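Chemist: could you work out the structure for the sequence below:
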Amino acid sequence: MKILKTLLIVIVGILACSIESVHAQCAMCTASVEANAKNGGTAAMGLNHGIMYLLAAPYIAIAVVGYIWYKKYRRKNINLNMRDEKLHLN
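Modeler: As a prediction, this is how the structure comes out:
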């Protein structure tokens, strides 16, 4: 279980360090941002940041629900009190 936690931390760390600018806009937004950029505005950066926040929100929500589910339903250390003799299945 420690290996899984360590692997998860490493993956999240790599993803957090590899942030790259993304240009994902609809046609209408692109036209308004291009017009704003020609006039010297900075709406393009704000729009791109807003899109990235909206993109990240579902992933964060799923991660929170998964963590709560894992903590609530994981197996606890249970003593089964089984006998030490061998089982004969024949």
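Chemist: confidence score at Pro58?
Modeler: Pro58 carries a pLDDT value of 90.
Chemist: distance of the residue nearest the centre of the chain from Asn81?
Modeler: The chain has Tyr59 as the residue nearest its centroid, 4.3 Å off, counting by C-alpha atoms, centre = their mean. Tyr59 sits 43 Å away from Asn81, taking C-beta to C-beta, to the nearest Å as the criterion. For every residue, glycine as well, the C-beta is placed using N, CA and C.
Chemist: please apply the same query to Gly50.
Modeler: From Gly50 to Asn81 the distance is 58 Å (C-beta to C-beta).
Chemist: which regions of the protein sit below the pLDDT cut-off?
Modeler: 18-25, 75-78, 80, 90 (pLDDT under 70).
Chemist: need the longest helix for it.
Modeler: As assigned by DSSP state H, the longest helix anywhere in the chain is helix 43-73.
Chemist: okay, now Asn79: neighbour count?
Modeler: Using other C-beta atoms under 10 Å, Asn79 is surrounded by 5 other residues.
Chemist: scratch that, Lys71
Modeler: For Lys71, using other C-beta under 10 Å, the count is 8.
Chemist: could we number from 770 for the rest of this?
Modeler: With 770 as the first residue, the last one maps to Lys840.
Chemist: re earlier: check which residues of the longest helix of the chain are buried.
Modeler: Neighbour counts over helix 812-842 (16 or more other C-beta atoms under 10 Å) mark 813, 816-817, 820 as buried.
Chemist: chain center to it, what's the gap?
Modeler: Taking C-alpha atoms, centre = their mean, to the nearest Å, one finds the center of helix 812-842 at 6 Å from the center of the full chain.
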